[in-house]
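J.: Sequence and predicted structure, then a few things I'm wondering about:
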Amino acid sequence: MRNELYDYSPIIDRPAIAWPGGARVAFYVGLNVEHFVLGKPSTSINQGTAELVPDPLNHGWRDYGPRVGIWRMIEAFDRHGVRPSVLLNSDVAENYPQIIDAGVARDWAWLAHGKNNSTVQAEVEARELAYLTEVVDTIETATGRRPRGWMGPALSETFRTPALLAELGLDYVLDWTGDDQPFWLNSPGMMSLPYTVELNDLGLFTAHSITGPDFVQIVKDQLDQLYADSEHSGRVLSLALHPFVTGQAFRLKYLDQALEYVVDHPGVWNTTSDEIAAHFAATTCGSER
């Protein structure tokens with residue numbers, strides 16, 4: 001099947017990207033703030049109990065995020081001047097309003113991330129526009145700001161998702177993780193912004209069982225290489241985090257170390273995905289495609 005959603009564009013053949021202030025790497029934290037439906041199999045740390053109803057082991061692990069983990073992470077973000085780009089399930093507004101309040105007070109960026117993380121996009125394809133409208137409107141009501149970006153639960157989309165999001169006034173998606181720079185989709189006005197399934201605490205810590213020091217070194221290595229790559233054109237460093245993973249007590253100091261290295265590094269623009277998308281749209285051609 002031919003990919004009609006976007007065109008092939010090798011990074012060596014593109015116009016140069018210049019970030020504000022002469023920065024070489026634009027950095028944002030993609031903070032997944034999610035709600036999981038009790039009794040429906042979802043992200044699990046132990047597949048042996050994932051089909052049980054209820055599943056206290058896995059549901060409790062996930063619930064640690066909004067109950068405890070995120071509050072530790074907020075302290076780390078505040079220490080390093082990081083405003084997360086929050087990938088927000090709209091059900092969070094009803095279930096964990098204190099998190100919304102904390103983010104609004106800190107001027108976080110809010111991206112729509114589906115209704116909850118137990119429902120993927122394919123499950124709502126027949127009623128997708130109504131579903132997307134409900135999600136986006138709920139987030140706007142809760143946060144006071146209409147989201148500009150989208151990431152589907154488990155990075156899921158249908159072939160219609162970008163065009164439908166454009167109808168609702170959104171500008172970009174994070175689901176297509178094939179680049180270190182933003183690029184335009186073939187849906188008019190819609191771009192893809194870099195996100196990562198590799199520099200992602202969920203995979204690193206739970207699937208690959210890395211240590212905290214390993215995590216810090218991986219973040220450093222990623223930034224160092226992107227900085228080298230960016231000599232003539234800017235790059236994007238995204239760090240994907242989940243409160244029920246990195247918010248665990250024994251991992252917090254490693255988050256601190258990683259953030260310190262990135263934020264204090266010369267030539268890094270510490271920003272949000274909204275600001276990256278807006279700058280790219282304002283300074284490159286293609287926004288009217």
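T.: Great, that's in hand. Residues are numbered from 1 along each chain as shown.
J.: What is the neighbour count of Ile12?
T.: 7 (other CB atoms under 10 Å). In this view, the C-beta of every residue, glycine as well, is placed from N, C-alpha and C.
J.: tell me the pLDDT at it?
T.: We have a pLDDT of 96 for Ile12.
J.: For the closest residue to Thr206 other than its chain neighbours, list the residues it contacts.
T.: Nearest residue to Thr206, sequence neighbours excluded (CB to CB, 6 or more residues apart in numbering): Ile45, at 5.8 Å. Ile45 makes contacts with 57-58, 61, 206, as judged by CB atoms under 8 Å, 6 or more residues apart in numbering.
J.: Can you lay out those as a markdown table showing neighbour count?
T.: Below are the contacts of Ile45 laid out as a markdown table (neighbours: other CB atoms under 10 Å):
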| residue | neighbour count |
| --- | --- |
| Leu57 | 14 |
| Asn58 | 21 |
| Trp61 | 19 |
| Thr206 | 18 |
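J.: Which ones among those map onto helices?
T.: Mapping the contacts of Ile45 onto helices (DSSP state H) picks out 57-58, 61.
J.: which among those residues gets closest to Leu199?
T.: Distance to Leu199 across the ones in helices among the contacts of Ile45 (CB to CB) is lowest for Trp61, with 21.7 Å.
J.: follow-up on the earlier one: would you quantify the distance from the residue nearest to Thr206 to Trp71?
T.: 20 Å (CB to CB, to the nearest Å).
J.: ok, now Val33?
T.: When Val33 is compared with Trp71 (using CB to CB), they lie 12 Å apart.
J.: Okay, strands next: where are they in the stretch 51-200 of the chain?
T.: Taking DSSP state E, counting those that start in this stretch, the strands of the stretch 51-200 of the chain run over residues 85-88, 109-112, 149-150, 172-173, 183-184, 191-192.
J.: Make CSV out of the ones you listed and add distance to Tyr254.
T.: CSV is the format used below for the strands of the stretch 51-200 of the chain (distance: least, CB to CB, whole Å):
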stretch, distance to Tyr254
strand 85-88, 21
strand 109-112, 24
strand 149-150, 27
strand 172-173, 29
strand 183-184, 32
strand 191-192, 29
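J.: Of these, which stretch is the most buried?
T.: Stretch with highest mean neighbour count among the strands of the stretch 51-200 of the chain: strand 85-88 (a mean of 28; mean count of other CB atoms under 10 Å).
J.: Give me the contacts around that one.
T.: Contacts of strand 85-88 (CB under 8 Å, 6+ apart): 28-34, 103, 108-113, 139, 143, 147, 149, 151, 174, 272-274.
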